[in-house]
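Participant: Sequence and predicted model, in that order:
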Amino acid sequence: MLRSKRFEILEKRPVNKDGFVIEWPEMGFVAMSSPNDPKPSIRVENGQIVELDEKKRENFDMLDQFIADYTIDASIVEEVMALASLEIARKLVDINVSRSEIVKLSKGLTPAKVLEVLNHMNVVEMMMALQKMRARKTPSNQCHVTNVRDNPVLMAADAAEAGLYGFDEQETTVGVARYAPFNALALLVGSQTARNGVLTQDSLEEATELRLAMLGMTSYAETVSIYGTESVFIDGDDTPWSKSFLASAYASRGAKMRFTSGTGSEVQMAGAEGKSMLYLEIRCVMMAKGAGVQGLQNGSISCIGIPSSVPSGIRAVLAENLATTLFDMEVASGNDQTFSHSEIRRSAKMLCQMLPGTDFIFSGYAAVPNNEDMFAGSNMDSSDLDDYLIIQRDMMVDGGLKPVDEESVIEVRYQAAKALQAIFEELGFPIITNEEVEAATYANSSEDMPQRNVVEDLKAAERILRDGISGYDIALILAKTGYRQTAERIFNMLKQRVAGDYLHTSAIINKDNVVISAVNDENDYMGPGTGYRLSPERWEEIKNIRQAISPKDFD
Amino acid sequence: MTTSSFSIEMKLTEIGTAVKGTNPREVIVAVAPAFGKEMNKTIMRINHASVLREILSGIEEQGAVPRVIRSLRTADLAFMAHGAAKMSGSGISIGLQSRGTAVIHQRDLDPLTNLELFPQSPLITLEMYRAIGRNAAMYALGESPNPVPVVNDEMARPKYQAAAALLYLKECQSLVPDQKPVELKAEFLIKD
């Protein structure tokens, strides 16, 4: 066939490198609705749920049982289930129905009912609902700070820069697992060099992650995964009860924590049992609620290539974020993995969370170049920061970030690298040379860094866990070596752990060391003039991008 | 792949339940339930015939003896290959899914670890399949080869995650619960 020149151009467009799949409902390869999804139903006897979504209690799997016994309020469920799904969907969008009224209703919904409600809504209605249902009034953002060589000096500098941009949470992980304690340390020192109150996380194998949190090297955790079918849950050697136990281990030690789940994970492991991706994700959301965790990271996360390949898939991802807020939990709403080659498509997806605002619009945004992102790349990276800042300005929307100037970035990177240098020297770790500090100050990626002796670094990193070097030890060293401000900020983070206020839903900590959560900053959106509005100061901050010219430039 | 003027046809004949081997030079290749049967191409649409022929040639040219079995009760790469390693006279096996994902395994390892893993099936070329066969043979003969260089592509997820899941689901359609692996006789016919 003679080819159409126009089709040849189309085929070269980035979007045509993405993967698309025709729905296969029998295997659960379908976004929001499968013929195998159960119909909503409920029956309560003697205060106990004996039928849930067409299933009798004796046939419950462990998720049904967990949700029926710990999530759903049996005393109101029959009353709420009598409401039409369409009516509930309309209440979600209606500005005259308050968030707290919806939260009350959510206690009487079954997974299949939630699915029906969400299927009545288009994406604009979902964004309307998300704007109202987000738990914390002020939206925020989280970033990834990683590098392919696990270079600690670069990581501290990158964390400092990310802190300056305004990320309230920072997450790292490792290339080489044994580097984990160094990464936690670098992130702590870098982030607190930039400002007080940044929460940090080191995503690792669960036991090590918990130990580092208990040492005060990190302050939150989120990579505790849950799944929507029993078979996939068991595949991961877990149950809803074991995950709940792990959650309480963090909370009881004063570390913030949330679960992680997302559409597509059950399909990827061939364990979807023919159910739609969204139905299974709603089961995860409701399981998380039953476990009592304050929040959930969802929005497909590492399986984003699966929902995004089928019709209405990106809508399903928005719907799962909304489901999380419906149950009064913090949502860290994804956008944290590469899912498209197309800049248009990845921006369109991101706007679904950025425009309504979520507790963490990204979970996280790559504050480093994507090829340094050890979570396999994010939807946006450090080279997209100006685009993101300008979208905030264009739309007059708070995406959680603020413009920064180059000089301040260079300064804070230098300070972070110097502080880490002092700590390494004091602890007798392999020295950080001035050349490394200089390189980290101006670097874009680990290619710009001198090589370190990995074997010696790993030995020192292991010492942190073996000797139990704590956040307090780090604060003391910094105070002694002349980094008093950073020392005090790290000490503040430790005090926060004892106080525990930041275990409340949707907590972040501001520069004045005050916890901002759904308790003291509850979302009260009820239409124009209510809810989160940009303060004049915040709007000034967003407006003032370095690229804008003024008549004064021509004086 | 370069286009060639010949095609390779493969005939896989089932010859009964696979048994534990005794030949210390043996490397078992465990193919997944649908391989060369309900499915005939990898995710990159390379014919299964070419893939298996390269792996077997790689094993033979290093002086080891290949054996092919089909896993029926699991399509999970790690468990397929680990099961095969336990049946292999040398303790070395290769696991191969229909989408093209491959692993080199050894019987004394935990199922979820491995000697060499090639998780990104779209990036495995025919040359690499041959090299995988060669390395497996060298492990079987007690040598310590350099691992086959692994290719990484951060954009592999947007491009292939959905297709990879689709192919795995299709593979799982051919599972036979509780069925032991079967021995296969692999014959190749080259046609102009």
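Facilitator: Arrived safely, thanks for sending.
Participant: in which helix or strand would I find the residue in chain B that chain A sits nearest to?
Facilitator: Chain B approaches chain A most closely through B:Gln161 (2.7 Å), counting by Cβ to the nearest Cβ. All C-beta atoms are positioned from the backbone trio N, CA, C, and that covers glycine. For B:Gln161, the element it lies in under DSSP states H and E is helix B:156-172.
Participant: Following that helix in sequence, what is the next regular element?
Facilitator: Later in the chain than helix B:156-172, the nearest helix or strand by DSSP H and E is strand B:182-191.
Participant: residue boundaries of the strands in chain B?
Facilitator: All strands of chain B, identified by DSSP state E, fall at B:7-17, B:26-31, B:65-70, B:92-96, B:102-106, B:116-118, B:182-191.
Participant: contacts for the fifth one?
Facilitator: Contacts of strand B:102-106 with the rest of the structure, by Cβ atoms under 8 Å, 6 or more residues apart in numbering or on different chains, involve B:55, B:77-78, B:81-82, B:84-85, B:91-96, B:114-118, B:121, B:124, B:129, B:132, B:135-136, B:139.
Participant: That one vs strand B:26-31, what angle?
Facilitator: Strand B:102-106 and strand B:26-31 meet at an angle of 140 degrees, taking axes from the mean of the first three to the mean of the last three Cα atoms, to 10 degrees as the criterion.
Participant: which parts of strand B:102-106 are buried?
Facilitator: B:Ala102, B:Val103, B:Ile104, B:His105, B:Gln106 (16 or more other Cβ atoms under 10 Å in any protein chain shown).
Participant: where does chain B come near chain A, residue by residue?
Facilitator: Residues of chain B lying close to chain A by Cβ under 8 Å from any Cβ of the partner chain are B:75, B:154-155, B:157-163, B:165-166, B:168-169, B:172.
Participant: ok, which pair from these is furthest apart?
Facilitator: Longest distance between any two of the residues of chain B next to chain A is 27.6 Å, between B:Glu154 and B:Cys172; criterion Cβ to Cβ.
Participant: Look at these two and report which has more neighbours.
Facilitator: Neighbour count, other Cβ atoms under 10 Å in any protein chain shown: between B:Glu154 and B:Cys172, B:Cys172 has more, with 18 against 13.
Participant: wait, that one sits on B:Arg73?
Facilitator: No. The pair B:Cys172 / B:Arg73 is not scored as a contact, 11.3 Å apart, by Cβ atoms under 8 Å.
Participant: Centroid-nearest residue for chain B?
Facilitator: Central residue of chain B (Cα atoms, centre = their mean): B:Leu96, 2.6 Å from the mean position.
Participant: OK, contacts around that one?
Facilitator: Going by Cβ under 8 Å, 6+ apart, B:Leu96 touches B:Val29, B:Ala30, B:Val31, B:Ala32, B:Phe35, B:Val51, B:Leu52, B:Ile55, B:Ala102.
Participant: Around the residue of chain B closest to chain A, count how many other residues there are.
Facilitator: Neighbour count of B:Gln161, defined by other Cβ under 10 Å: 25.
Participant: Next, the closest residue to it other than its chain neighbours: secondary structure please.
Facilitator: Nearest residue to B:Gln161, sequence neighbours excluded (Cβ to Cβ, 6 or more residues apart in numbering or on different chains): A:Gly305, at 2.7 Å. Under DSSP: H, G, I helix; E, B strand; the rest coil, A:Gly305 falls in the coil class.
Participant: Return the residues in contact with A:Gly305.
Facilitator: Neighbours of A:Gly305 in contact, by Cβ under 8 Å, 6+ apart: A:Gly19, A:Gly264, A:Phe339, B:Arg157, B:Pro158, B:Tyr160, B:Gln161, B:Ala162, B:Ala165.
Participant: which residue sits closest to the fourth one, ignoring its sequence neighbours?
Facilitator: Just to be clear, that refers to B:Arg157. In space, B:Arg157 comes closest to A:Gly305 once its chain neighbours are excluded; the distance is 4.7 Å by Cβ to Cβ, 6+ apart.
Participant: Could you list the low-pLDDT ranges of the stretch 251-400 of chain A?
Facilitator: The model of the stretch 251-400 of chain A has no residue with pLDDT under 70.
Participant: Now do B:Ile59 against A:Lys402, distance only.
Facilitator: B:Ile59 sits 59 Å away from A:Lys402, going by Cβ to Cβ, to the nearest Å.
Participant: So which of those two has more stuff around it?
Facilitator: Shown here are B:Ile59 and A:Lys402; by other Cβ under 10 Å, B:Ile59 has more neighbours (29 against 16).
Participant: Spit out the contact partners of that one.
Facilitator: Contact analysis of B:Ile59 by Cβ under 8 Å, 6+ apart lists B:Val27, B:Val29, B:Val65, B:Pro66, B:Gly133, B:Arg134, B:Ala136, B:Ala137.
Participant: Go again with 6 Å.
Facilitator: Applying Cβ atoms under 6 Å, 6 or more residues apart in numbering or on different chains, we find B:Ile59 in contact with B:Val27, B:Pro66, B:Gly133, B:Ala137.
Participant: Where neighbours are concerned, which of these has the most?
Facilitator: The most crowded member of the contacts of B:Ile59, judged by other Cβ under 10 Å, is B:Val27 (34 neighbours).
Participant: My read is that that residue contacts B:Gly95, right?
Facilitator: No. In this structure, B:Val27 is not within contact of B:Gly95 by Cβ atoms under 6 Å, at 11.6 Å.
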